[in-house]
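*Asks:* Below: sequence and its predicted model.
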Amino acid sequence: MKQAVITGVNGQDGSYLAELLLGKGYEVHGIVRRTSSFSRGRIDPFYGANAGVSGKLVLHYGDMGDEKNLRKLMEKVRPDEVYNLASQSHVGISFDMPEYSTDVNALGTLRLLDAMHDYCPKSRFYQASTSELFGSADESPQTEQTRFKPNSPYAVAKLYAYWMTVNYRQTYGMYACNGILFNHESPRRGENFVTRKITQTVARIAAGLTDCLYIGNMEARRDWGYAPDYVRAMWLMLQQEKADDFVIATGELHSVRELIEKAFAYVGTKIEWEGKAAAECGIDSSTGKHVVKIDPKYYRPIDIDSVLGDASKARRELGWEPEVKFDRLVEIMMEADVQAAQSARQD
C-alpha cells in the first residue's frame, strides 16, 4: 500500500486529494492543526471505519511553523509521496498578515523539504504553487516560461517556495514538482473566497436569509476550474518518470460580474446594472430590489485585472484535461449552496 502525506488535508484541495488517493488504495497521513473546536467537515465522510474507501486516512496534529513536528512525521512515516497544500491561502489577508503568510507559505515549505531530504529523500514531493506568481504578467496566457512578477505578500512567499522546490530538485536530485495552479473552486471552497462568497450569498438571498451581496472589483477576470480536476493533476505530476513543473488551467477567462449573473440566473433572477464604478449596483429585474452593491473595503491594495493559463504542457505530458467547464462549475456550487440555504431556512 502506497503512503502519502498531505499537509492542509482539511482544506478544499487537501480533502479532494485525500478522497482521490484513498479511492486508489493509499494510506493517507493528513496533517491538521490543533484547534479548540473540530472543523473537519470536509474530510469526515471518508474518515473512520465507515468511510467506504479502500485506503486508510490517518490524521496527525502539526503545523508548518513547527519544524520539529514535521521532521518527526517524515522520520516516522517515510512516505512515498508528499503533497504540500498547507498555506495561508487568501491573497487579500496576506496584506494584513505578511509575516505569518511568509512563515507558513515560504519557510514552512523549506522546513518540509529539509525534513524530507534528511529522512526520506526518495519520496516524491508536490508543491502547491499558484498563478499569483505571475502577478500583472507580461504576456497572456501564462505558461511555465512566463516571467514571475508577484504583487502580494502571498505571492512573494509562494515564489520563495517555488524556487526552493526547484533548488532541492536540482541540488539534491529529489523528485520535487511545482503545480502552478490557476483559480479552482468547488462547494468546499472557503467562504471568504470571492467565488464561494458569491454563490453562498446568492443562495441565501433566494432563500430570504439575506438581502444583498457586497462585492469588490467586478471587472477582475480569472481562469476558473473545478478543484477535483486540479487535484487529479497533482497526482499525475508525481506519477511521471521525471519531476517537472506544470501550469494547470482551463484556458478560459470569465469575470466576477459574469459569475454573479450566472449565480443569480441559477435561482431564476435576472440582474440589471445601473451606476458606475463604486456607485454601480445590481438590481433584481423582477422586484427592483438592489441585490448587488460595491463595497470598496473589498478592493485589494494591488489587484490583477486578468489571469489566464495555458496548460498545453500538462495536456501533452500528463494527459490531463479539465472535465468541468465554467458554467457547470457555477451550477455545482449553486446546487450545494442552495441546498444549504434551504436547510438553514427550515432550521
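*Replies:* Looks like it arrived, so ask away. Predicted model, so just to flag it, every value in this text is computed and none were measured. Residues are numbered from 1 along each chain as shown.

*Asks:* how about the helices in the stretch 201-347 of the chain?
*Replies:* Here the stretch 201-347 of the chain has its helices, by DSSP state H, counting those that start in this stretch, at 227-237, 256-266, 312-318, 326-346.

*Asks:* what's the most buried one of the ones you listed?
*Replies:* helix 227-237 (a mean of 22; mean count of other C-beta atoms under 10 Å). All C-beta spots, glycine's among them, are computed from the backbone N, C-alpha and C.

*Asks:* Give me the angle between it and helix 326-346.
*Replies:* With axes from the mean of the first three to the mean of the last three C-alpha atoms, to 10 degrees applied, the angle from helix 227-237 to helix 326-346 works out at 130 degrees.

*Asks:* For stretch 102-116, C-alpha coordinates in PDB please.
*Replies:* What follows is stretch 102-116, C-alpha atoms only, in PDB (Å, rounded to 0.1, in the frame of the first residue of the first chain):
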ATOM      1  CA  THR A 102       5.600  34.200   4.800                       C
ATOM      2  CA  ASP A 103       6.400  31.900   7.700                       C
ATOM      3  CA  VAL A 104       3.800  29.400   6.700                       C
ATOM      4  CA  ASN A 105       4.000  29.600   2.900                       C
ATOM      5  CA  ALA A 106       7.700  30.100   2.400                       C
ATOM      6  CA  LEU A 107       9.600  28.900   5.400                       C
ATOM      7  CA  GLY A 108       7.100  26.100   6.000                       C
ATOM      8  CA  THR A 109       7.900  24.700   2.600                       C
ATOM      9  CA  LEU A 110      11.600  24.900   3.400                       C
ATOM     10  CA  ARG A 111      11.100  23.100   6.700                       C
ATOM     11  CA  LEU A 112       9.200  20.300   5.000                       C
ATOM     12  CA  LEU A 113      11.700  19.900   2.100                       C
ATOM     13  CA  ASP A 114      14.600  19.800   4.500                       C
ATOM     14  CA  ALA A 115      12.900  17.100   6.700                       C
ATOM     15  CA  MET A 116      12.300  15.000   3.500                       C
END
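
*Asks:* re the thing from before, would you list the helices of the stretch 201-347 of the chain in a markdown table and tack on distance to Arg169?
*Replies:* Formatted as a markdown table, the helices of the stretch 201-347 of the chain follow (distance: least, C-beta to C-beta, whole Å):
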| stretch | distance to Arg169 |
| --- | --- |
| helix 227-237 | 12 |
| helix 256-266 | 36 |
| helix 312-318 | 16 |
| helix 326-346 | 32 |
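
*Asks:* What are the buried residues along the helix or strand of the chain with the lowest mean pLDDT?
*Replies:* In the chain, no helix or strand scores lower on mean pLDDT, DSSP states H and E than helix 91-96, which sits at a mean of 88. Using 16 or more other C-beta atoms under 10 Å as the burial criterion, the residues of helix 91-96 that qualify are 91-94.

*Asks:* Tell me the helices and strands packed up against that helix.
*Replies:* If you count contacts as 3 or more C-beta pairs under 8 Å, 6 or more residues apart in numbering; DSSP states H and E, helix 91-96 packs onto helix 153-172.

*Asks:* can you state the direction angle for the helix or strand following the helix it packs on and helix 153-172?
*Replies:* Reading on from helix 153-172 to the C-terminus, the next helix or strand found by DSSP states H and E is strand 175-181. Per the same axes, to 10 degrees, the angle that strand 175-181 makes with helix 153-172 is 150 degrees.

*Asks:* partners of Ile294 in the sheet?
*Replies:* Ile215 (DSSP bridges).

*Asks:* Does it touch Cys212 like I think?
*Replies:* No: judged on C-beta atoms under 8 Å, Ile294 makes no contact with Cys212 at a distance of 10.9 Å.

*Asks:* Same drill for the two, tell me which one is more crowded.
*Replies:* Ile294 (20 against 15; other C-beta atoms under 10 Å).

*Asks:* what's next to the least confident helix or strand of the chain, contact-wise?
*Replies:* The contact list for helix 91-96 (C-beta atoms under 8 Å, 6 or more residues apart in numbering) reads 88, 101, 132, 152-155, 157, 192, 298, 300-301.

*Asks:* Tabulate those residues (TSV), appending pLDDT.
*Replies:* Formatted as TSV, the contacts of helix 91-96 follow (pLDDT from 0 to 100):
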residue	pLDDT
Gln88	88
Ser101	95
Glu132	94
Ser152	93
Pro153	92
Tyr154	94
Ala155	95
Ala157	96
Asn192	86
Tyr298	85
Arg300	75
Pro301	75
